[in-house]
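K.L.:
Sequence and predicted model, in that order:
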Amino acid sequence: MGVPEELRSLIGELDSSISVLSRISEFYDEHVKKQGLKSNSIENAIILSDVFVSFYTCTEG
């Protein structure tokens, strides 16, 4: 008995989301390594808020 099409589709979407989340996480980790988070700069706030939005958007779908 094979895997139902709906389940295969869901698995594909989850795999895609995990890949996107991994890239977002890697980007954020690189930013922290290069810039640090010690300063309360506008740039750090924008990047952090974009990471939150991207994570939420990716997991919402």
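P.N.:
Perfect, I can see it now. Numbers count the residues shown, from 1 in each chain.
K.L.:
On the pLDDT front, check residue 9 for me.
P.N.:
Looking at residue 9, its pLDDT reads 91.
K.L.:
residues of the helix or strand hosting it that come out buried?
P.N.:
Residue 9 is located in helix 5-35, with elements delineated by DSSP states H and E. Using 16 or more other C-beta atoms under 10 Å as the test for burial, helix 5-35 gives 20, 24, 28, 31. C-beta coordinates here come from the backbone N, C-alpha and C atoms, glycine included.
K.L.:
Go through the residues you listed and name the one with the lowest pLDDT.
P.N.:
Across the set of those, residue 31 stands lowest in pLDDT, at 82.
K.L.:
for it, what are its contacts?
P.N.:
residue 47 (C-beta atoms under 8 Å, 6 or more residues apart in numbering).
K.L.:
Residue 11: what's its closest spatial neighbour, skipping adjacent residues?
P.N.:
residue 3 (7.9 Å; C-beta to C-beta, 6 or more residues apart in numbering).
K.L.:
picking that back up, now distance to residue 60 too, for the buried residues of helix 5-35, in TSV please.
P.N.:
Below are the buried residues of helix 5-35 laid out as TSV (distance: C-beta to C-beta, whole Å):
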residue	distance to residue 60
20	12
24	14
28	18
31	23
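K.L.:
Need the residues that contact the helix or strand encompassing residue 50.
P.N.:
Using DSSP H and E, residue 50 sits in helix 42-60. Contacts made with helix 42-60 from outside it, assessed by C-beta under 8 Å, 6+ apart, are listed as 17, 20, 21, 24, 27, 28, 31, 35, 37.
K.L.:
How about the contacts made by the fifth one?
P.N.:
Right, residue 27. For residue 27, the contacting residues are residue 51, by C-beta under 8 Å, 6+ apart.
K.L.:
ok, so what distance separates it from residue 49?
P.N.:
Separation of residue 27 from residue 49 (C-beta to C-beta, to the nearest Å) stands at 14 Å.
K.L.:
Same check on the second one?
P.N.:
As for residue 20, its distance to residue 49 is 17 Å (criterion: C-beta to C-beta).
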